[in-house]
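1. sequence unknown, structure follows:
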């Protein structure tokens, strides 16, 4: 599925996707265990069913216990969300986005090193 056709996940859906990206394919019960006491089994199941219909997760129902897995890699979803934010909030300006992100929270030394490496590689192109 091309990145621009992937539905934008809600906050609740993103919480579940983060669990699936970290854990890998999981049952509803495993997802509920990671979500915590605020989310019940029925709510998580309904969310996963909706996410399956939207194409955000896939469901393996070969066994009695269904296994859910992310249908799209984490990086693809992040790129889509950032592109959407970039267009809507920053008029397409990557510079404004990065400046606001850095102004809002001081980056760690490791993040600064990675940013320098990325900028150096972009300048080299």
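-> Arrived safely, thanks for sending. What you see is a predicted model, and the numbers here were worked out from it, not measured in a lab. Residues are numbered from 1 along each chain as shown.

2. My guess is residue 19 contacts residue 36. True?
-> No - applying Cβ atoms under 8 Å as the test, residue 19 and residue 36 come out as separate, 10.7 Å apart. Quick note: C-beta positions are derived from backbone N, CA and C, even for glycine.

3. So for the two, which residue has more residues nearby?
-> Under the neighbour definition other Cβ atoms under 10 Å, residue 19 and residue 36 were set side by side, and residue 19 has more, 20 against 8.

4. Which helix or strand contains the more buried one?
-> Assigning secondary structure by DSSP states H and E places residue 19 in helix 11-23.

5. Report all helices and strands that the following helix or strand past that helix contacts.
-> Under the assignment DSSP H and E, the closest C-terminal helix or strand after helix 11-23 is helix 28-35. Helix 28-35 is packed against helix 11-23, helix 41-54, with contacts defined by 3 or more Cβ pairs under 8 Å, 6 or more residues apart in numbering; DSSP states H and E.

6. Of these, which is nearest residue 119?
-> Using Cβ to Cβ as the measure, helix 11-23 is the one of these that comes nearest residue 119, at 26.8 Å.

7. Tell me which of the helices and strands packed on helix 28-35 sits nearest to residue 95.
-> Go through these one by one with Cβ to Cβ and the one that ends up closest to residue 95 is helix 11-23, at 26.0 Å.

8. and that closest one, which residues are buried?
-> 13, 15-17, 19-21 (16 or more other Cβ atoms under 10 Å).

9. Specify which member of these is nearest to residue 50.
-> Closest to residue 50 out of these is residue 13 (7.8 Å), distances taken as Cβ to Cβ.
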